[in-house]
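Asks: need a structure here:
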Amino acid sequence: MNNLNQMLSKKIEDHIKSYPDFPKKGVLFRDILSVVENPDIFKEIINCMSDFSSVKNSDAIIAIDARGFIFGSAISINLEKPIIFARKPGKLPGKLVSHSYELEYGENTLCLQEDALKKHNN
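Replies: All right, here's what the predicted structure looks like:
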């Protein structure tokens, strides 16, 4: 990690609040919303995330409900790429593609609109 990344990492850490045992005992919840409240840090994060080759070379940005909408939208604008939203079941209309996965405190499913995938698949 270079000095710039280390400095950014430290700035980010200083703005993230931790809540032990939330949403259930044994989980350490990291509240990242305070970095969004600071425009300078948020801009640095978006520029850094936008610089990854996998993001730069993608056809579209997939943003996961709900904090991902914040970061994904900013990255989408920054890179001038379309955005596809991934949401919980029952939140998107139309034909969907879904995937279930396990979390440290449960299980979840995300859905994407099939039409959005077709539209941005080159």
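Asks: so in this protein, where's the weakest helix or strand by average pLDDT?
Replies: helix 3-15 (a mean of 75; mean pLDDT, DSSP states H and E).
Asks: quick check: F69 touching A86?
Replies: No - if you go by CB atoms under 8 Å, F69 and A86 don't touch, sitting 9.4 Å apart. C-beta coordinates here come from the backbone N, C-alpha and C atoms, glycine included.
Asks: between these two, tell me which one has more neighbours.
Replies: More crowded of F69 and A86, by other CB atoms under 10 Å: A86, with 21 against 15.
Asks: the more buried one pairs with what?
Replies: I64 (DSSP bridges).
Asks: next, L96: phi, psi?
Replies: phi -120, psi 150 (degrees, to the nearest 10).
Asks: whoops, F29 was the one
Replies: Dihedral pair for F29: phi -80, psi 130, per degrees, to the nearest 10.
Asks: circling back: list residues touching both of F69 and A86?
Replies: Counting by CB atoms under 8 Å, 6 or more residues apart in numbering, the common neighbours of F69 and A86 are A63.
Asks: pLDDT below threshold where in the chain?
Replies: For the chain, residues meeting the criterion pLDDT under 70 lie at 1-5, 7, 121-122.
Asks: so the residue nearest the centre of the chain: helix, strand or coil?
Replies: By CA atoms, centre = their mean, the mean C-alpha position of the chain lies nearest to G68, the distance being 3.2 Å. Judged by DSSP: H, G, I helix; E, B strand; the rest coil, the three-state class of G68 is helix.
Asks: residue contacts, it?
Replies: For G68, the contacting residues are A86, by CB under 8 Å, 6+ apart.
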